[in-house]
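J.: okay, here's the prediction I keep looking at, along with the sequence it came from:
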Amino acid sequence: MEWTGARYADCPTVEASTWIGAPPERVWRFVSDIGLMPSLSSELRETEWLDGVTGPAVGARFVGRSEHEAFGRWETTSHVVECEPGRVFAWAVSDVDEPSAVWRFTLEPADGGTRLTQWMQLGPGRSGLSFAIDRMPDKEQKIVFVRLREFEGAIQRTLAALKDLAEGGA
C-alpha cells in the first residue's frame, strides 16, 4: 500500500483479490459463514447472528467481538447490506447510514475458478480509530495509513486462508 495522505473523512478503502480453484458456489459457503471468520482473523474473536437469524440475508444483523493490542476489546453490530449468493456479501458496521466501516466480498467466475476480492472502507461514521485521531489530530494521516496497512495485511491473510479452505476439499 502506498502513502495517499488520506484522512478519515475521505472514507479511504483497501482491497485485495485472489484466484481460487473452486467455483463461486463453493467459495460462497466460506465467505458467507460469519462463524468461520474469527478463525481467519488476528483481530476478530467471536461472531454471532442476532434476532434468531442463522445465515446471511440483506437486513440481517450480527455481533462481532474484536481485540487489538492498541485499541483493546470492543463489540460492534453489523448489518448485511448486500447478499447475492455466489456473488457478493457485504456488511456495514454499527450504522447502515453512517457506518464506521463497510466490508465486502465479491466473487466472480474466472478461468474455471473464482476471483475473490475483499474490500473495506473506513467511515464515514466514527470508530475506535476516531478516538486515536481525536487525541492526536496532527497525526491523523499516519494513523489512517497504519490502520489501512493493517487491514490490507489482514485481508491478504483472509483471502489466502479462504483459498486454502475452498481448494482443500474441507
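T.: Now that the structure is in, tell me what you want to look at.
J.: now do the contacts for the residue nearest to the spatial centre of the chain.
T.: By CA atoms, centre = their mean, the chain has its centre lying nearest to Trp103, at 3.9 Å. Going by CB atoms under 8 Å, 6 or more residues apart in numbering, Trp103 touches 78, 90-91, 93, 118-120. Bear in mind the C-beta positions are built from the backbone N, C-alpha and C, glycine included.
J.: could you do Asp111 as well?
T.: Asp111 makes contact with Trp19, according to CB under 8 Å, 6+ apart.
J.: now it: phi and psi?
T.: In terms of degrees, to the nearest 10, the main-chain angles of Asp111 are phi 50, psi 40.
J.: ok, Asp164 next?
T.: Note on Asp164: backbone dihedrals following degrees, to the nearest 10 are phi -60, psi -40.
J.: re earlier: which of the contacts of Trp103 fall in strands?
T.: Residues of the contacts of Trp103 located in strands (DSSP state E): 78, 90-91, 93, 118-120.
J.: ok but Ile143 is inside a strand, no?
T.: No. Read with DSSP: H, G, I helix; E, B strand; the rest coil, Ile143 is helix and lies in no strand.
J.: separation between it and Asp134?
T.: Counting by CB to CB, to the nearest Å, the gap from Ile143 to Asp134 is 10 Å.
J.: do the same with Met37
T.: 29 Å.
J.: hmm, back to that, mind putting the ones in strands among the contacts of Trp103 into CSV with pLDDT?
T.: CSV is the format used below for the ones in strands among the contacts of Trp103 (pLDDT from 0 to 100):
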residue, pLDDT
Ser78, 96
Ala90, 98
Trp91, 97
Val93, 97
Gln118, 98
Trp119, 98
Met120, 97
